[in-house]
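Undergrad: Got a predicted model here, sequence first, then my questions.
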Amino acid sequence: MSLTSETEAGYRALRNSVAVAQEPELRCLRLIGDGAFEALDAVCPRDLFLQDGQMKHTLLLDDEGVPFADVYVCREGENAYVLGYGSPADVIATWIRQHVPGITDFSAADLSESHRSLALDGPYAWELCAEVFGPDILGLPYLGVLVLGETLVFRAGRTGEYGYHVLVPSDEESAWIEKLNTTGKDFELAWADAAARDQCVLENFFFDLNREGSFGLTPLELQLQWRLSTQKTEYPGAAAIRALRQSGWNRRLTCFITSEPVQADEEITCEEEPVGSVLAAGYSPLRNEYVGKALLNRPYWHAGLNAFRVGHQPLKTIAAPAVKNLSLEVSPYRHSFHTRAEDFK
Amino acid sequence: MSPELKEQIEQRERVFKRVAELLISALKLDRTSEEIDPDTPLFGTGLGLDSVDAVEIIVALESEFGISLDESEGRLALRTINSLVDLVLSREEK
């Protein structure tokens, strides 16, 4: 169950230099009008205090408090953007209008129709992006938005490395890809397929709608309480979240490692008693072992326990993230891909 | 559950609560320890702390647990509350 050579090449570039990917699954909705932020604030479970050029990571919840979209909400000038994964942008626009019927003074545009998304991730993604898209990228803070003509750059990612979602006009996509490929040769750029990116998301314990997000779990069970306001009382799903807080929840997503492959849905035992199940797992070249996410019952849901089995296979829970990201060491102010050997002697 | 595992879980819960309450107090977070998950990222996304907060945490860790960190240790230990719990437990073992 190790990675294919193509996947591993993308994975290695993402972890060591920079990787690029087309992201047709990334949705982007632009809301314009006086009521845009009021509408978003009413449907998002997180407080949306955003200055111009800032973005926040949140969720959109159904009435049961289960996430159906994993999104950033962004403010740029008079525009609000909802950027993320899950339901198509037009479905999200309709859903917002249904939940705020009294707020009508905004319009919504699905940027997926006019733009294409390129994801650049890696410890030196900032340097390649600056060369290709311009030096303003270097001043873009984490969770910041930059507008370069018709191109939008969102600095965010789910891999634990420097990450940029670049939305380019559809008719310019091939020209930008060519420029990235040409300039990227000096950065050992590789294309990362979905498997490579998914593995990095898994290792860094970022939420994945297609994996643990498909099990009908709430943010409390998914360790995503940070994406919920402690002050807001009214948003879609709020009643379900409130009820669960009052009753308490008895299972939680937990990061684990194991030396042999395990599969989603396999039962996890502790001292021969069932205590949970595997939700996702994949081979980590950085660790040379398997990393995964388990749903474990209270009180077994803690990291640091070497007490579990899947069948006869030992499984250990660990603190997330499962890897030490090179981006933690790399500074755009002090380092460069071209001097990396000397930078990290 | 075996007594050894029970003790290990209880120790982890005790340290988690101490670390979470330390962060809430030092950083004046508007959350209870039950409203903070152990693997929540501390910086950037997650709790959204910054470099000033990092200094506050380092000072609080020294004061509460007698733990001092160099830059490299700090980068790894200050990722989540769980990574701080790992740090405290590993220092207690020494």
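TA: Thanks, I have the structure now.
Undergrad: what sits against the residue in the stretch 101-250 of chain A positioned nearest to chain B?
TA: As assessed by Cβ to the nearest Cβ, chain B sits closest to A:Gln223 within the stretch 101-250 of chain A, at 3.8 Å. C-beta coordinates here come from the backbone N, C-alpha and C atoms, glycine included. When contacts are counted by Cβ atoms under 8 Å, 6 or more residues apart in numbering or on different chains, A:Gln223 is found next to A:205, A:252-253, B:37-40.
Undergrad: what's the closest non-adjacent residue to it?
TA: B:Asp37 (3.8 Å; Cβ to Cβ, 6 or more residues apart in numbering or on different chains).
Undergrad: next one: A:Ser87
TA: Using Cβ to Cβ, 6+ apart, the nearest residue to A:Ser87 is A:Ala69, at 5.3 Å.
Undergrad: just A:Arg309 next, same as before
TA: A:Thr269 (5.2 Å).
Undergrad: And the helix or strand hosting the one you found, what's buried?
TA: Under the criterion of DSSP states H and E, A:Thr269 resides in strand A:267-270. Using 16 or more other Cβ atoms under 10 Å in any protein chain shown as the test for burial, strand A:267-270 gives A:268-270.
Undergrad: Can you tell me which of the residues you listed is closest to A:Asn288?
TA: A:Ile268 (22.0 Å; Cβ to Cβ).
Undergrad: pLDDT averaged over the helix or strand where A:Val275 lies - what is it?
TA: A:Val275 is part of strand A:273-284 when elements are defined by DSSP H and E. Average pLDDT, strand A:273-284: 97.
Undergrad: about what we covered before: out of the contacts of A:Gln223, which is most surrounded?
TA: Within the contacts of A:Gln223, most neighbours by other Cβ atoms under 10 Å in any protein chain shown means A:Phe205, with 27 neighbours.
Undergrad: Identify the residues contacting that residue.
TA: A:Phe205 touches A:223, A:255, A:293, A:320-322, B:39, counting by Cβ under 8 Å, 6+ apart.
Undergrad: how about the nearest residue to it, chain neighbours excluded?
TA: Counting by Cβ to Cβ, 6+ apart, the residue nearest A:Phe205 is A:Ala320, at 3.4 Å.
Undergrad: can I assume that neighbour is in contact with B:Ile81?
TA: No: contact criterion Cβ atoms under 8 Å: A:Ala320 and B:Ile81 do not qualify, at 10.5 Å.
Undergrad: Could you check which of those two is surrounded by more residues?
TA: The residue with more neighbours, out of A:Ala320 and B:Ile81, is A:Ala320; 29 against 26, by other Cβ under 10 Å.
Undergrad: ok, now which ones touch the more buried one?
TA: A:204-205, A:255, A:303, B:39, B:80, B:82.
Undergrad: Give me the distance between it and B:Ala60.
TA: Computed as Cβ to Cβ, to the nearest Å, the A:Ala320 to B:Ala60 distance reads 22 Å.
Undergrad: Ok, A:His165 next?
TA: 35 Å.
Undergrad: before we move on, what about A:Glu113?
TA: 50 Å.
Undergrad: The two: who's more crowded?
TA: B:Ala60 (17 against 10).
Undergrad: mind checking the SS state of the closest residue to that one other than its chain neighbours?
TA: Spatially, and ignoring its direct neighbours in sequence, B:Ala60 is nearest to B:Ala26 (4.1 Å; Cβ to Cβ, 6+ apart). Using DSSP: H, G, I helix; E, B strand; the rest coil, the three-state assignment for B:Ala26 comes out as helix.
Undergrad: Pretty sure B:Ala26 sits against B:Glu62.
TA: No: contact criterion Cβ under 8 Å: B:Ala26 and B:Glu62 do not qualify, at 11.3 Å.
Undergrad: List the neighbouring strands of the strand holding A:Thr269 plus their orientation.
TA: Using DSSP bridges, the strands paired with strand A:267-270 are strand A:273-284 (antiparallel), strand A:308-310 (antiparallel).
Undergrad: hmm, back to that, buried ones among the contacts of A:Ala320?
TA: Buried subset of those (neighbour count, 16+ other Cβ under 10 Å): A:204-205, A:255, A:303, B:39, B:80, B:82.
Undergrad: near chain A, which residues of chain B show up?
TA: Proximity of chain B to chain A, by Cβ under 8 Å from any Cβ of the partner chain, involves residues B:1-2, B:5, B:8-9, B:12-13, B:16, B:30-31, B:35-41, B:44-47, B:75-76, B:79-80, B:82-83, B:85-86, B:89.
Undergrad: measure the residue lying closest to A:Tyr11 once chain neighbours are set aside to A:Val20 for me?
TA: In space, and not counting its chain neighbours, A:Tyr11 is closest to A:Ala196: 4.1 Å by Cβ to Cβ, 6+ apart. Distance, A:Ala196 to A:Val20, by Cβ to Cβ: 11 Å.
Undergrad: Please apply the same query to B:Leu89.
TA: Here the criterion is Cβ to Cβ. By it, B:Leu89 lies 40 Å from A:Val20.
Undergrad: Same drill for the two, tell me which one is more crowded.
TA: Counted by other Cβ under 10 Å, B:Leu89 and A:Val20 do not tie: A:Val20 has more neighbours, with 28 against 14.
Undergrad: contact partners of the helix or strand where the more buried one lies?
TA: Applying DSSP H and E as the criterion places A:Val20 in strand A:19-22. Contact with strand A:19-22 is made by A:10-11, A:13, A:116-122, A:177, A:180, A:184, A:189-194, A:196-197, as judged by Cβ under 8 Å, 6+ apart.
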